[in-house]
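Asks: coords please:
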Amino acid sequence: MLGYRLGAEPFVEGLRHTDAEAIAVALVITAGTTWCCARRWSLLARSLEVPVPLGAAYRACYRAQFLNATLPGGIAGDVHRGVRHGRDSRALGRGLRSVVWDRVSGQVVQVGMVVLALPLLPGPLRPWALALAVCVIALGVAFRSEIRTVLDAPALWARVVLLSALAAGGHVIVFLVAARTAGVTAPLPELVPLALGVLLASAIPLNVAGWGPREGAAAWVFASAGLVAAAGLEVAVVYGVISLVATFPGALALFSDRQSSRLPDPEPLEPVEVVRRA
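Replies: Model prediction:
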């Protein structure tokens, strides 16, 4: 649909403008945002009594991001992460719940950031932001007992919110880098709220290898802000490319896991007979 309405030029220009500097920045920032997500998951998993060490959580989150970015739906990596952790901890249900809580807490904080940026949002986007806030509040009321069980301490609440905000902020910075790489010169106070809206839409699990809602949302959001829809699409293309490359360490983690699973178990050592000298 976007290709029909806007033509192929924004896609081509987005690919043409993507450069090594933008990719390098995305790699560095994604390393930090992945650590924030891994730390958040580690805290939530411990609260559900299925702890995961931070190092293992870091590798698993990178692996999940790579699978999310390359497989349809955008959640395959997190499903794999939850199932694997559930089996390793011998508590499949709680392992899956820990990942669900990890994803949901991040999205809720993103919605909160969009609501905080409401005065800076273009007029057509404000009703959508308010509707999302109402939905989040309704879900919070519906699942308040579950929330009390998992987030049972104010300190845990604070750390989860802080880590989620840092992760979302890192993704916003990558989006801003993509915008500048694509040649968008709009001021940062105007671009940051747009970035939050586009990134929130990109979490919708209806994409194909990460592509779909993000590009449509970028074109619509930029047009709503009085910018060119094609420019929004071009920014989304640049962001899609550099954020995909930034998940490649997850491919290395996936390859390493497969190699280690193929290694044969070490053969037991033959007992050594000890001869005592008289």
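Asks: which SS state does the residue nearest the centre of the chain fall under?
Replies: The centre of the chain sits closest to Gln65, judged by Cα atoms, centre = their mean, with a distance of 6.4 Å. Under DSSP: H, G, I helix; E, B strand; the rest coil, Gln65 falls in the helix class.
Asks: What is the neighbour count of the closest residue to it other than its chain neighbours?
Replies: Spatially, and ignoring its direct neighbours in sequence, Gln65 is nearest to Thr247 (4.5 Å; Cβ to Cβ, 6 or more residues apart in numbering). Glycine gets a C-beta too; all of them are placed from N, C-alpha and C. Residues within reach of Thr247, counting by other Cβ atoms under 10 Å, total 23.
Asks: One more: Ala138?
Replies: For Ala138, the neighbour count with other Cβ under 10 Å is 10.
Asks: State the pLDDT value of it.
Replies: Per-residue pLDDT puts Ala138 at 90.
Asks: ok so, going back, so the residue nearest to Gln65 sits right up against Tyr62, yeah?
Replies: Yes: counting by Cβ atoms under 8 Å, Thr247 touches Tyr62, with 7.0 Å between them.
Asks: ranges for the helices of the stretch 51-200 of the chain?
Replies: Ranges of helices in the stretch 51-200 of the chain, per DSSP state H, counting those that start in this stretch, are 54-70, 76-88, 92-116, 126-142, 144-150, 154-181, 188-202.
Asks: If I average pLDDT within each of those, which one is lowest?
Replies: Mean pLDDT is lowest for helix 144-150 out of the helices of the stretch 51-200 of the chain, coming in at a mean of 80.
Asks: can you give me how far that helix is from the chain middle?
Replies: Centre-to-centre, helix 144-150 and its host chain are 23 Å apart (Cα atoms, centre = their mean, to the nearest Å).
Asks: buried ones in that helix?
Replies: Neighbour counts over helix 144-150 (16 or more other Cβ atoms under 10 Å) mark Ile147, Val150 as buried.
Asks: so can I have JSON lines of the helices of the stretch 51-200 of the chain showing distance to Leu27?
Replies: As requested, these are exported to JSON lines (distance: least, Cβ to Cβ, whole Å):
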{"stretch": "helix 54-70", "distance to Leu27": "11"}
{"stretch": "helix 76-88", "distance to Leu27": "18"}
{"stretch": "helix 92-116", "distance to Leu27": "20"}
{"stretch": "helix 126-142", "distance to Leu27": "30"}
{"stretch": "helix 144-150", "distance to Leu27": "32"}
{"stretch": "helix 154-181", "distance to Leu27": "10"}
{"stretch": "helix 188-202", "distance to Leu27": "18"}
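Asks: which one of the ones you listed lies closest to Tyr239?
Replies: Each of the helices of the stretch 51-200 of the chain has some distance to Tyr239 by Cβ to Cβ; the shortest is helix 154-181, at 3.8 Å.
Asks: circling back to that earlier point, could you measure from the residue nearest to Gln65 over to Ser89?
Replies: Distance of Thr247 to Ser89, computed by Cβ to Cβ, to the nearest Å: 25 Å.
Asks: Contacts for stretch 157-173 next, please.
Replies: Contact partners of stretch 157-173, identified using Cβ atoms under 8 Å, 6 or more residues apart in numbering, comprise 29-30, 32-33, 36-37, 39-40, 43-44, 105-106, 108-110, 113, 151, 192, 195-196, 199, 243.
Asks: thinking again about what came up before, quick check: which of the helices of the stretch 51-200 of the chain is nearest to Leu254?
Replies: helix 54-70 (5.1 Å).
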